[in-house]
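**Student:** Below are the sequence and a predicted model for it; my questions follow.
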Amino acid sequence: MIRRRIFSAALTVAALLLTGHAWAAAQGPSVLIETGTVHRERIGQRLTVYGQIVPDPEHVTGISAAHGGQIARLWVGLGQQVAAGQPLLTLTTDPTARLAYEQARAQVAYARRNLTQVKSLYAEQLATRAELAKAEQSLVNAQGALRAERRLGTDHAEQIIRAPQPAIVTRLDVAPGDRVQAGAPLLSLGARERLWVTLGIEPEDVTRLHPGMPVVLRPVFARNQPLHADLSQVHAVINPSTHLVDAVVPLSGSATLGLIPGMWMRGHIDLQQHETLTVPSSAVLHDANGAYLFVVAEGHAQRLDIATGISRDGRIAVRAPNLHAGETVVTVGNYELRNGMAVRLAAGHS
């Protein structure tokens with residue numbers, strides 16, 4: 001009796017399995033897939049360019065020798081960041097410049113004595129008013145010449161030249177022991193919070209750019225947050241050192257934090273945009289007939305031949321007569337599909 005019941009149960013299970021296999025065979029094979037959505041959005045070609053950070057030349061301060069002398073000491077090095085009032089270099093006064101100061105001081109003393117004498121003669125009516133005015137003017141001129149020498153620093157045997165503002169030493173023209181003439185350049189200071197990003201543009205792309213276009217910048221070798229700025233200049237000549245055309249993006253204030261002159265930057269410039277349909281890039285496949293994708297409809301995958309366009313940020317522009325925004329396309333598992341094949345969604349996808 002027991003054996004008969006076991007045999008009957010086995011027959012029932014076998015019948016159920018055969019029924020299931022028959023139903024599956026009737027339905028045909030299915031593929032496990034993941035999907036994405038067709039979007040309608042504005043998209044345009046993106047120009048990727050590279051360049052370097054340089055000090056803003058409009059905010060570079062040149063430090064020159066006010067008088068002749070010799071460099072006694074350099075307090076800073078090229079590329080060093082300095083604070084306002086920080087010593088930059090020590091310049092000893094040239095003997096000739098020192099002599100000019102002494103002569104100016106002697107001239108003041110002489111003009112003062114001469115004026116005293118002319119005033120005395122004028123009081124005794126032995127000098128004219130014109131002679132008195134001339135003596136007074138001579139003193140004024142001599143005092144002005146002495147003040148000028150003091151402004152030049154020739155009244156000191158040596159002079160410490162200090163930074164007028166927070167800055168970066170962008171150029172050094174002298175070394176300790178160098179003798180310099182009056183007006184000779186000593187060094188240059190670039191404003192710390194005023195930088196340029198000089199991007200190199202291929203000559204054939206220049207006509208597509210204009211000042212005011214937005215640029216997204218990111219350091220090539222660092223993970224800084226992207227910076228959003230605008231082109232301020234697009235040059236019209238080729239830079240002979242890079243064989244590219246320079247385009248300038250100015251940065252100031254907090255945008256310069258963490259950036260160093262000489263750092264390489266990558267820039268993305270969005271060109272003219274237009275509205276189009278886009279799909280995830282992984283949805284697009286290619287064969288001998290061209291590009292195509294699979295649209296999911298009523299549990300089945302339908303092949304749709306397409307034309308592709310610009311690809312950006314993981315999505316690609318596509319065109320097809322029967323493709324519409326909001327439709328579902330296959331992004332994973334599409335390599336296994338054939339037209340009309342049944343599909344089932346992976347867990348977590350709907």
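**Tutor:** Alright, I've got the coordinates.

**Student:** Got the domain ranges for this protein?
**Tutor:** According to automatic domain parsing, the chain comprises the domains 29-44+275-345, 46-57+192-273, 66-183.

**Student:** Mean neighbour count and mean pLDDT added to those, as TSV?
**Tutor:** Bear in mind the C-beta positions are built from the backbone N, C-alpha and C, glycine included. Output for the domains of the chain, formatted as TSV (neighbours: other Cβ atoms under 10 Å; pLDDT from 0 to 100):
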stretch	mean neighbour count	mean pLDDT
domain 29-44+275-345	16	93
domain 46-57+192-273	15	92
domain 66-183	15	92
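
**Student:** Who does the closest residue to V249 other than its chain neighbours form a beta bridge with?
**Tutor:** Distances taken as Cβ to Cβ, 6 or more residues apart in numbering put V197 closest to V249, at 4.3 Å, once the chain neighbours are dropped. For V197, the beta-bridge partners under DSSP bridges are I53, V249.

**Student:** Alpha carbons of stretch 127-141, as CSV, please.
**Tutor:** Taking Å, rounded to 0.1, in the frame of the first residue of the first chain, the C-alpha atoms of stretch 127-141 are listed here in CSV:
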residue,chain,number,x,y,z
ALA,A,127,69.6,143.1,-3.1
THR,A,128,66.5,143.2,-5.3
ARG,A,129,63.3,141.4,-4.8
ALA,A,130,64.1,139.3,-7.9
GLU,A,131,67.4,138.2,-6.3
LEU,A,132,65.5,137.2,-3.1
ALA,A,133,62.9,135.2,-5.1
LYS,A,134,65.7,133.5,-7.0
ALA,A,135,67.5,132.5,-3.8
GLU,A,136,64.2,131.2,-2.3
GLN,A,137,63.5,129.1,-5.5
SER,A,138,67.0,127.7,-5.4
LEU,A,139,66.4,126.4,-1.9
VAL,A,140,63.1,124.9,-2.9
ASN,A,141,64.7,123.1,-5.8
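
**Student:** what's next to that stretch, contact-wise?
**Tutor:** 108, 111-112, 114-115, 117-119, 121-122 (Cβ atoms under 8 Å, 6 or more residues apart in numbering).

**Student:** how does it look with 7 Å?
**Tutor:** The contact list for stretch 127-141 (Cβ atoms under 7 Å, 6 or more residues apart in numbering) reads 111-112, 114-115, 118-119, 121-122.

**Student:** Now secondary structure and distance to S311 too, for the residues you listed, in CSV please.
**Tutor:** What follows is the contacts of stretch 127-141, written out as CSV (DSSP: H, G, I helix; E, B strand; the rest coil; distance: Cβ to Cβ, whole Å):
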residue, secondary structure, distance to S311
A111, helix, 82
R112, helix, 84
N114, helix, 88
L115, helix, 87
V118, helix, 91
K119, helix, 92
L121, helix, 97
Y122, helix, 94
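
**Student:** mind checking how far the residue lying closest to P250 once chain neighbours are set aside is from R112?
**Tutor:** Nearest residue to P250, sequence neighbours excluded (Cβ to Cβ, 6+ apart): S232, at 5.1 Å. According to Cβ to Cβ, to the nearest Å, S232 stands 56 Å off from R112.

**Student:** One more: L277?
**Tutor:** Going from L277 to R112 by Cβ to Cβ gives 91 Å.

**Student:** what do you get for V54?
**Tutor:** Where R112 is concerned, V54 sits at a distance of 53 Å (Cβ to Cβ).

**Student:** one step back: closest one of the contacts of stretch 127-141 to E336?
**Tutor:** Within the contacts of stretch 127-141, the smallest distance to E336 is 103.9 Å, found for A111 (Cβ to Cβ).

**Student:** quick one: contacts for that closest one?
**Tutor:** With Cβ under 7 Å, 6+ apart, A111 has these contacts: 138-139, 142.
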